[in-house]
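Asker: Only the shape, not the letters, is given here:
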């Protein structure tokens, strides 16, 4: 019997992007509301996983040409470099800074060094989740 | 950071640039590297005191000040001597290596110079640091660099063997040394050597940790300086390229142990244990090395054993000299040790380079194949003549002077009035004299077998001819130093030797150091004449000697202990590993759970932490009852589910209900995380189980099941008890929860309202960083497990 995935495919196309955008929202919301790098990363990973599971892995690999071990490495690097940044100012490793700015249209916004650090965490989480699951999934021997 | 700090760090910084300089292929990378040791050497020269007494320089940069670890540089006479050796010989060795290792296409010159610079920086760090922990770090770095350099030609089996051996032996010693340093810290309360010295100058030696600390530190020094019976790594280290052997394994690194002993003489000197241990190890090494050298056929092996024996000589002198805290007749031994250290670096360095040249130009180092090179390689011959004569202790070279001083030292030691030396003291000159005879014999062997006799071109791989000038330059410089120091020894006395002696024996105010060639017909002179006569006699009768079984075994018999020990260690640890690692996950869970149960119950018992208090408990609302019952129901049902997929979904149910509980208790971040983790986990589980074969669920024996049940109930009970006790304690002991701090400070200090996130990225950023690091390592582990599968019966 040949199974028909039409429903799954159609829904996945829409849903996965909703999850993706929500995950990015969660990532940025992190500092003041529930969310952050870890949660955002997990949600991104689950959106991507949905894509991988409902479509053929090889097809998606072509569409998302990331090497996830590189993603992990970049994430770690960003997190460590953000931490090292404070050493330049004579503060202990991983001291985070924040400052409020007034931007014309957007009003007052807050910029923190915790954000790039969180981005590093986000990338590592996405990379780890997808790397381990895809490695297991692709193993056909 | 002072200039001296940058001096230590400069080689490391240079090493970063080496790979880029290596890209310029038409210029040998060595030319770029050469400038660094030269500049450092010239810079250090300005610290030599001329006409004034040495003023030690001290610079401190805090590293971990709270536990007394500072990157403190202390430059006194002893440090200066070693730093000059490291940079001076380093310059010559780099120059020599440019011509020795050709700039071929596939030659990894970048590796070579990176390791060499790493060694240079680490060695400078060892001799210039005042802080024991910093010394330890640099000390291990020298071991690492040494073993990387030995394995430079890593495609050779023997190189890898030698590298592993040197690594294992020196690092074991280094580790013991670290333990010794910690014991010193416990006693003196400081890692600074000078503070430790001043501490022990005030108190009486009655600390119970004093002897253990001494023994552990000596273990480090002896393994590094190749003292008997740890010397076996040095001959195997000769697989390294010859510039490395000349630099690390004769002139500098193996003298780190000597440095350490000299450095600690003000701490431990004056005790009988220090005196006897160092003297006897030194003397045994001296005689064992010189006798072993006689039976070698490889030129480099002869030099290796000769180095071992000379290191033993210096060590013995330091041991004897340590008595001068109580009896000033032993001072000459310290002076002799320092002087011989310098001389050994010059003549042994030049000899290693000469052997490298012979190897380079003829293709062999086997004395049975060599011969008659005197006419073919006249310059090499001249350098060797100077080096060998100095090593044999013949006038007018510097080796003669320090050999005579060595004899003076051992003769003076017989008159020592301390440590019950008495009649035992007669052993010192006898051992020294016999060892010197054998030293003389191997010098003769090296000289005659290589340069005289018949030239046998058919046995050589290459047509022998004189080496290019570049290769000869460094040994020529060293050989001229041998002659200059031999003719004008007193140029060293008050510039180098006296400051160094003052660091070893701080109370010497004005030592009388005058080194003469002719000091009248005294015992020392007759001993030297005796050495020459007996040495020649032995050499003439060498043929008869060599038939003895002792001479047929070139390899040191102690190697059997090492090889057997290593094999035993490998097979033993394999057996232990196989005993524990059954490959069944449930066994590992049993280990972990049982351990946790035992540890936690012990903690309860030990700290009397078990407490119950249900007074401040809130009401449980009806819907919480429902949630909890579903949770318990799902948990209990899992062991009874036969189908795997159903079991996974059951586990998923537990996870989602826990997330629900988080929602109920108003922890949105936790709930979100739990939900997402659970989702991803279910996908992961399904994938894993999809790959498993469709097996029936295994049936265990009832008894086995019983233990598992007990363990799981025990685990659950202990966690519950912890929860109860924590609750009770909080009220009984009035602990203030730390959460208040975060509630108050998350906005003002970190600029965020979400406390959980602020803790993650700011207050506890390091935890998060390390957690994701663990995650990344785990992911790479999964990749490695799956991509690099081990076949049946294979061992990792």
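Answerer: Structure received. Worth saying up front: this structure is predicted, and the values here are computed from it rather than measured.
Asker: ok, which stretches of the chain are strands?
Answerer: Here I'm looking at chain A. Along chain A, counting by DSSP state E, strands occupy A:98-103, A:107-112.
Asker: if you could check chain B rather than the one you did, that'd help
Answerer: Under DSSP E, chain B gives strands at B:57-64, B:69-75.
Asker: Can you give me the neighbour number for the nearest residue to residue B:506 once chain neighbours are set aside?
Answerer: Excluding its sequence neighbours, the residue lying closest to residue B:506 (Cβ to Cβ, 6 or more residues apart in numbering or on different chains) is residue B:266, at 5.6 Å. All C-beta spots, glycine's among them, are computed from the backbone N, C-alpha and C. Neighbour count of residue B:266, defined by other Cβ atoms under 10 Å in any protein chain shown: 22.
Asker: Repeat that for residue B:143.
Answerer: 24.
Asker: which residue packs closest to it, ignoring adjacent ones?
Answerer: residue B:170 (4.3 Å).
Asker: Report the contact partners of that neighbour.
Answerer: B:143, B:146-147, B:223-224, B:233 (Cβ atoms under 8 Å, 6 or more residues apart in numbering or on different chains).
Asker: Quick check: the most centrally placed residue in chain A vs residue B:677, distance?
Answerer: By Cα atoms, centre = their mean, chain A has its centre lying nearest to residue A:41, at 3.8 Å. Plainly put, residue A:41 is 11 Å away from residue B:677 if you go by Cβ to Cβ, to the nearest Å.
Asker: Which stretch among the strands of chain B is buried most, on average?
Answerer: With neighbours taken as mean count of other Cβ atoms under 10 Å in any protein chain shown, the strands of chain B reach their highest mean count in strand B:69-75, at a mean of 21.
Asker: Report the mean per-residue pLDDT for that strand.
Answerer: For strand B:69-75, mean pLDDT rounds to 89.
Asker: hmm, it in reach of chain A?
Answerer: No - on the criterion Cβ under 8 Å from any Cβ of the partner chain, strand B:69-75 is out of touch with chain A, staying 15.3 Å away.
Asker: So what's the residue count around the closest residue to the residue nearest to the centre of chain A other than its chain neighbours?
Answerer: Leaving aside its sequence neighbours, residue A:41 sits nearest to residue A:125 (Cβ to Cβ, 6+ apart; 3.0 Å). By other Cβ under 10 Å, 27 other residues sit near residue A:125.
Asker: Go ahead and confirm residue A:125 touches residue B:768.
Answerer: No - in this structure, residue A:125 is not within contact of residue B:768 by Cβ atoms under 8 Å, at 10.7 Å.
Asker: ok, for residue B:25, nearest residue in space, not its chain neighbours?
Answerer: Using Cβ to Cβ, 6+ apart, the nearest residue to residue B:25 is residue B:103, at 7.6 Å.
Asker: That neighbour against residue B:28, yeah?
Answerer: Yes - Residue B:103 is within contact range of residue B:28, at 4.6 Å (criterion: Cβ under 8 Å).
Asker: tell me the domain boundaries of chain B?
Answerer: Domain segmentation of chain B under automatic domain parsing yields B:269-580, B:584-744, B:745-796.
Asker: Single out the most deeply packed of these.
Answerer: domain B:269-580 (a mean of 20).
Asker: From the chain's centroid, how far away is that domain?
Answerer: In terms of Cα atoms, centre = their mean, to the nearest Å, the centre of domain B:269-580 is set 24 Å apart from its chain centre.
Asker: same question, stretch B:78-93
Answerer: With Cα atoms, centre = their mean, you get 20 Å for stretch B:78-93.
Asker: got CSV for the strands of chain B, with distance to residue B:705 too?
Answerer: Below are the strands of chain B laid out as CSV (distance: least, Cβ to Cβ, whole Å):
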stretch, distance to residue B:705
strand B:57-64, 52
strand B:69-75, 53
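Asker: Show me the shaky parts of the stretch 101-250 of chain B.
Answerer: B:204-206 (pLDDT under 70).
Asker: Grab the nearest non-local neighbour of the closest residue to chain A within it.
Answerer: Here the stretch 101-250 of chain B gets closest to chain A at one residue, residue B:137, 18.6 Å apart by Cβ to the nearest Cβ. Spatial nearest neighbour of residue B:137, excluding adjacent residues (Cβ to Cβ, 6+ apart): residue B:125 at 7.6 Å.
Asker: Lowest-scoring secondary structure element of chain B by mean pLDDT?
Answerer: The weakest-scoring helix or strand in chain B, judged by mean pLDDT, DSSP states H and E, is helix B:549-552 (a mean of 66).
Asker: and the domains of chain B as a markdown table, adding distance to residue A:99?
Answerer: A markdown table is the format used below for the domains of chain B (distance: least, Cβ to Cβ, whole Å):
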| stretch | distance to residue A:99 |
| --- | --- |
| domain B:269-580 | 53 |
| domain B:584-744 | 21 |
| domain B:745-796 | 8 |
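Asker: Report the contact partners of residue 117.
Answerer: In the absence of a named chain, chain A is used. Contacts of residue A:117 by Cβ under 8 Å, 6+ apart are A:37, A:78-79, A:82-83, A:94, A:96, B:761, B:765.
Asker: ah, no, chain B please
Answerer: B:11-12, B:14-15, B:18, B:33, B:36 are the contacts of residue B:117 under Cβ under 8 Å, 6+ apart.
Asker: same deal with residue A:115?
Answerer: Contacts of residue A:115 (Cβ under 8 Å, 6+ apart): residue A:31.
Asker: Kindly recompute the last result at 10 Å.
Answerer: A:27-28, A:30-31, A:37, A:82, A:96, A:98, B:761 (Cβ atoms under 10 Å, 6 or more residues apart in numbering or on different chains).
Asker: now do residue B:439
Answerer: Per Cβ under 10 Å, 6+ apart, neighbours of residue B:439: B:286-287, B:289-291, B:293-294, B:306, B:309-310, B:313, B:391-393, B:399, B:403, B:531, B:535.
Asker: mind checking pLDDT for it?
Answerer: 91.
Asker: that older thread, could the contacts of residue A:117 be laid out in JSON lines, adding pLDDT?
Answerer: Shown next, in JSON lines, are these (pLDDT from 0 to 100):
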{"residue": "A:37", "pLDDT": "87"}
{"residue": "A:78", "pLDDT": "92"}
{"residue": "A:79", "pLDDT": "90"}
{"residue": "A:82", "pLDDT": "88"}
{"residue": "A:83", "pLDDT": "85"}
{"residue": "A:94", "pLDDT": "77"}
{"residue": "A:96", "pLDDT": "80"}
{"residue": "B:761", "pLDDT": "84"}
{"residue": "B:765", "pLDDT": "86"}
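Asker: Of these, which is the nearest to residue B:377?
Answerer: For the contacts of residue A:117, the residue nearest residue B:377 by Cβ to Cβ is residue A:83; the value is 59.0 Å.
Asker: is it true that that closest one touches residue A:113?
Answerer: Yes - counting by Cβ atoms under 10 Å, residue A:83 touches residue A:113, with 9.1 Å between them.
Asker: and for these two, which residues touch both?
Answerer: By Cβ under 10 Å, 6+ apart, the residues touching both residue A:83 and residue A:113 are A:94-96, B:765.
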